[in-house]
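Undergrad: My questions concern the predicted model and sequence given below.
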Protein chains: 2
Amino acid sequence: MAESYRYQQLESWLREGIVQRRWRAGDKLPSVRELCSTKQLSKATVQHAYQRLEAQGLIKAVPKSGYFVAASPSKRDSAPLHRKALNGQALRPVPVNTSAVVDDIMRRGAAFDLLPDLQGPDADSGLLALNRAVGRALRQHRQAAHHYYDAPEGNELLREQLALRYQRLGVAISSADLLVTQGCQHGLFLALMACCEPGDVVAVESPGFYGSLQLLSQLKLQVLEIPADPANGIDVNILEEQLARWPVKACVVTPNFATPTGAVMPAASRVALVELANRYDFALIEDDIYGDLGFRERPEPLKALDTQERIMLCSSLSKSLSRDLRLGWVEGARWRERIAHLKLITVLASSQYTQQGVADFIREGEYERFLRRQRLQLLTQRDQWAQAISEVWQDDVSYTLPEGGMALWVSLPESVDTLTAYNRALAEGIVITPGALFSTTTRFNNYLRISFAQPLSTKRHYALASLAAILRD
Amino acid sequence: MAESYRYQQLESWLREGIVQRRWRAGDKLPSVRELCSTKQLSKATVQHAYQRLEAQGLIKAVPKSGYFVAASPSKRDSAPLHRKALNGQALRPVPVNTSAVVDDIMRRGAAFDLLPDLQGPDADSGLLALNRAVGRALRQHRQAAHHYYDAPEGNELLREQLALRYQRLGVAISSADLLVTQGCQHGLFLALMACCEPGDVVAVESPGFYGSLQLLSQLKLQVLEIPADPANGIDVNILEEQLARWPVKACVVTPNFATPTGAVMPAASRVALVELANRYDFALIEDDIYGDLGFRERPEPLKALDTQERIMLCSSLSKSLSRDLRLGWVEGARWRERIAHLKLITVLASSQYTQQGVADFIREGEYERFLRRQRLQLLTQRDQWAQAISEVWQDDVSYTLPEGGMALWVSLPESVDTLTAYNRALAEGIVITPGALFSTTTRFNNYLRISFAQPLSTKRHYALASLAAILRD
């Protein structure tokens, strides 16, 4: 491994030790001198690793004493807030009944555009390059290949390119462990089906992705909603309390730019979450679909902390590149054989020429170039939309500006019911994503997820104003 | 409707009357004169319709008396043969445990080639035209389309082309009722999931498609194997007996060129099957994947007899055109809403440009031209393989020559166990499809399905001889 990556190796090793409770909260970590000697590293490398862990809140430097493992995320930080929001209601696993509105929104392919009928002008030259790359793969596609199904794992070249991208983030994922899917939703489906049986309890973020709730409903799994907020994501303290009470089999979590809150989980919460999964022996299903859409940095996936093959990493190119490729992937951890079997019997295989084209697109650096432009554009659009939302609702609205992803989680006065406004908005051609979709409870009935994936054109600006009028009625 | 189709309308109307038991076995049908008058048709049209029904064995002409409904398929025709094969074992629904060998074969994408590593030379110019059509669709694909998911039903133009092909066969399927899937297996998965709950009993052909058995296993459904043979397909008399005993929820059936037997169900059996489904209120899931591969004619799908929206027609282009397109479809009958929902939450959507390219390929007549060459080639290859098989095994082998599809169902002496030979063959690079895969019983352990999808090259001929030697060991 290159010199420049040595601090990363050390950082991972130290973090693993904390996750595996080799060092617990308050324990002193090895001295810099000790590590220089045992690991054959320079002082600068060791210090760099320690400084990074300190910046992540995982350890604390005590002058003249050395480095110590920080306490777990403070119980006072988040729990009382969420307890208030729960209004004293106890958490319990429940069967899921999802709303017909979710189907309607998904059918309209419209969860990320207030005015999906507009289908704006062609935007980025990267997409033209993508079309060319897939077209070229198709021309080079041997006719004989039409006679054979692709292996369930998918195209080797694409999997190598995807694995390389993770390796550059410092996450040791091998192409052999990746399986290509029809998108992230398909990956979540395979992952849940692989590790759960009907009736099992699955913990999710609340509010959290409606697609996961629908899958739980279909697979007859019970949902345990764990409060999440824009600052910290899922509340690991509340999760810990609930784990003592319920036999949780899996936890679906979006550590990077979660939808709808936009949260990026702090490092300490990540470590605590993985430690809980190890202690209570449940599967972590990581939805990393927004990971590549960090405006200032690309956070590591949670998978980086996996020492027991229990984190299934699901992602796709649907949000960061194209919804029409139908290409995603899952790193299936200890369930990889079962996931390959499930892919075989449910969809058999993926299209080889599409995978080949996308592999070329990534290899040639086009995807990275596209992402750079895309992140800048999303950041600009985030601020445009946020300003417009503030102008339209004035003091009635609150939201947190996310550092990635493509949506704002907008809170309106408690008297507003965004779900009942759905059909009235639709009558004016406006498709909204009401807060009620993100939970089986009524706690988010006065919320809206508003996407900034599209430019704030005059028409969309006007639609926003119309929407405010509808919600005021 | 055009003049030339009037007899088809009358034929359908008469057949429906028989399916719905308006006229029962032995009943006299309306006279030619009566129909001319009430239906405003010419004598030639009425006679043409009656002659076609007579040729199908559904009615009998009695000189000077008129036309009468024929008796149901004779109990003596098929049942005793199957009863002997069952060795007196009673049929009963059982949970399914599928073999790891199935996974291995499917993973190798190899169920239709003894030597999959060969991946022979490029064959048909039609596949080049297909690559061009999809490439053209891709170039015309608007970049903005990358921002939106396709509707779950799929591309409107493709669904229209598919519906048109059925309409030309006289089957009234509307594009609005078709939903595009990732292939036929995906369609079967959605159909089974839509109409069954875990524990339900599903009747299947025995021997029958291993992919269906795997789905039943995954969905925790119980399988009731109904004997099937190359001459008649599924034995409707035995099915009828079993229906009185077990609460069958669905029946998966391949009326046209079933795999592995190659059977085309006779018209009278089809009518009896649909009548049973209506009487016992179960869903029929029709796998029509080989329908387009009839060497001399393209038989109607069973769906043509559906008067109660209970036949879900599943098919794809994987066998007749390309396994790599990952395009199939399902006509979901009364379950169509549920199927659309299931597609949404499991894979979300299909790729628009692929669908567009294939729609163009069909519309321009390329698919029909390709099929004509393909059928001729398969017929030639069928005879080459059959001759080689006879030469290699001599008196030890028996099979029936199918009139379509791409496989021979080969019976070897009872002492032969093809499943145990799987690994020995694999060691020589030969992938076989043992009879045991097509049932949960051991009744077909001395059978092999041998595909004639590939030309009988010298290497494949040699592999066949090696295989015979391995099986003799």
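TA: Right, received. Where do you want to start?

Undergrad: Only C-alpha atoms from now on, for both contacts and neighbour counts.
TA: Fine.

Undergrad: Mind jotting down where the helices sit in the stretch 101-250 of chain A?
TA: With DSSP state H, counting those that start in this stretch applied, the stretch 101-250 of chain A shows helices at A:125-140, A:156-168, A:184-195, A:210-218, A:236-243, listed in chain order.

Undergrad: Return the most buried member of those.
TA: Each of the helices of the stretch 101-250 of chain A was scored by mean neighbour count; the highest is helix A:184-195, a mean of 25, by mean count of other C-alpha atoms under 10 Å in any protein chain shown.

Undergrad: does chain B sit close to it?
TA: Yes. Against chain B, helix A:184-195 shows contacts by C-alpha under 8 Å from any C-alpha of the partner chain at A:Gln185, A:His186, A:Phe189.

Undergrad: By residue count, tell me the biggest strand in chain A.
TA: strand A:222-229 (DSSP state E).

Undergrad: which one of the residues of helix A:184-195 next to chain B is nearest chain B?
TA: Among the residues of helix A:184-195 next to chain B, A:His186 lies closest to chain B (C-alpha to the nearest C-alpha), at 4.8 Å.

Undergrad: which residues sit in contact with the closest one?
TA: Contacts for A:His186 were tallied using C-alpha atoms under 8 Å, 6 or more residues apart in numbering or on different chains; they are A:Gly328, B:Ile345, B:Thr346, B:Val347, B:Leu348.

Undergrad: and what of A:Ala228?
TA: A:Ala228 neighbours (C-alpha under 8 Å, 6+ apart): A:His82, A:Glu205, A:Ser206, A:Pro207, A:Ile234, A:Asp235, A:Thr261.

Undergrad: One more: A:Arg460?
TA: When contacts are counted by C-alpha under 8 Å, 6+ apart, A:Arg460 touches A:Leu114, A:Leu115.

Undergrad: just the residues of the stretch 151-300 of chain A that are near chain B, which are they?
TA: Counting by C-alpha under 8 Å from any C-alpha, the residues of the stretch 151-300 of chain A close to chain B are A:Ala151, A:Pro152, A:Gln182, A:Gly183, A:Gln185, A:His186, A:Phe189, A:Gly211, A:Gln214, A:Leu215.

Undergrad: Can you add pLDDT and give those residues back as a markdown table?
TA: Compiled in a markdown table, those are given as follows (pLDDT from 0 to 100):
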| residue | pLDDT |
| --- | --- |
| A:Ala151 | 85 |
| A:Pro152 | 88 |
| A:Gln182 | 93 |
| A:Gly183 | 93 |
| A:Gln185 | 94 |
| A:His186 | 95 |
| A:Phe189 | 97 |
| A:Gly211 | 91 |
| A:Gln214 | 91 |
| A:Leu215 | 93 |
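
Undergrad: Which two of those have the greatest separation?
TA: A:Ala151 and A:Gln214 (28.4 Å; C-alpha to C-alpha).

Undergrad: for chain A, which spans come out with low pLDDT?
TA: Where chain A drops to pLDDT under 70, the residues are A:1-4, A:72-81, A:83-89, A:98-99, A:108-111, A:118-123, A:143-144.

Undergrad: List the contacts of the residue sitting furthest away from the middle of it.
TA: Distance from the C-alpha centroid of chain A, by C-alpha atoms, centre = their mean, peaks at A:Lys64 (39.8 Å). Not one residue lies near A:Lys64 by C-alpha under 8 Å, 6+ apart.

Undergrad: Tell me how many other residues surround A:Glu16.
TA: A:Glu16 has 19 neighbours, counted by other C-alpha atoms under 10 Å in any protein chain shown.

Undergrad: ignore the last one, A:Tyr290
TA: Neighbours of A:Tyr290 (other C-alpha under 10 Å): 24.

Undergrad: Hmm, A:Lys319 and it touching each other?
TA: Yes. Using C-alpha atoms under 8 Å, A:Tyr290 is in contact with A:Lys319, at 6.8 Å.

Undergrad: re the thing from before, of all pairs in the contacts of A:His186, which one is the farthest apart?
TA: Taking C-alpha to C-alpha, the two most distant members of the contacts of A:His186 are A:Gly328 and B:Ile345; they sit 14.5 Å apart.

Undergrad: For those two, indicate the residue with more neighbours.
TA: Neighbours were counted for A:Gly328 and for B:Ile345 using other C-alpha under 10 Å; B:Ile345 has more, 23 against 20.

Undergrad: hang on, isn't the more buried one packed against A:Gln214?
TA: Yes. In this structure, B:Ile345 is within contact of A:Gln214 by C-alpha under 8 Å, at 6.6 Å.

Undergrad: list residues touching both of the two?
TA: When contacts are counted by C-alpha under 8 Å, 6+ apart, B:Ile345 and A:Gln214 have no shared neighbour.
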